[in-house]
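Visitor: Prediction below, plus the sequence it came from.
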Amino acid sequence: MLSKTQYLELDKKIAPKSNEARTLFLSFVIGGLICMIGQGVSDLFKLAFPEMEEKMIGEITSTVMIFLGALLTGFGIYDRIGKHAGAGSIVPITGFANSVVSPAMEYRSEGVVFGVMCKMFVIAGPIIVSGVSSSILVGLVYWFVGLFQ
């Protein structure tokens, strides 16, 4: 059995070397580009429909970006972007679309129900459950505190 020191030395030898500065830079730039595209979509809707409310434009922009993320994932492009962008491709809303579509595509050979539908939220499911659960908890705390004011 290896000691902790021996293990760390072995890990340094075997582990692939990464260029952190390059990785961080690409993550920042590509994530920023994805957000700029989203801003561009929003601005286009503002120009095309000046009477539309800001909230509605935000909802439509989110929908368009989710669609684009899912479409690019379907064509295998988003995974290539993610290979270089790292977290820069995960953080924007398009990363959510990618995390839903990827498992669905991977398991489509198992059929619609047991493949696509069952596996679709394998990655995104825990995140959704955590978000909903924590928002309910925060809402209950606000409600409870409001009772005593």
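Guide: Noted; the coordinates are in hand.

Visitor: When you work out contacts or count neighbours from here on, use the C-alpha atoms and nothing else.
Guide: OK.

Visitor: Look up how far Ile123 lies from the residue nearest to the spatial centre of the chain.
Guide: In the chain, the residue lying closest to the centroid (CA atoms, centre = their mean) is Gly95, at 2.7 Å. Gly95 sits at a distance of 11 Å from Ile123 (criterion: CA to CA, to the nearest Å).

Visitor: OK, contacts around Ser89?
Guide: Listed by CA atoms under 8 Å, 6 or more residues apart in numbering, the contact partners of Ser89 are 27, 30-31, 34, 81-82, 95.

Visitor: ok, so of those, who is nearest Phe67?
Guide: Gly95 (11.1 Å; CA to CA).

Visitor: And the closest one, what's its pLDDT?
Guide: Per-residue pLDDT puts Gly95 at 85.

Visitor: Ignoring the adjacent residues along the chain, who's closest to it?
Guide: Ser89 (5.7 Å; CA to CA, 6 or more residues apart in numbering).

Visitor: element containing that neighbour?
Guide: helix 87-90 (DSSP states H and E).

Visitor: chain center to the longest helix belonging to the chain, what's the gap?
Guide: Determined from DSSP state H, the single longest helix within the chain is helix 20-48. Per CA atoms, centre = their mean, to the nearest Å, the displacement of helix 20-48 from the mean C-alpha position of its chain is 14 Å.

Visitor: So which residues lie in contact with the helix or strand following that helix, not counting its own?
Guide: Proceeding N to C from helix 20-48, the next assigned helix or strand is helix 54-74, under DSSP H and E. Helix 54-74 has contacts (CA under 8 Å, 6+ apart) with 38, 41-42, 45-46, 78-79, 93-98, 101-102, 105.

Visitor: Cool, thanks, signing off.
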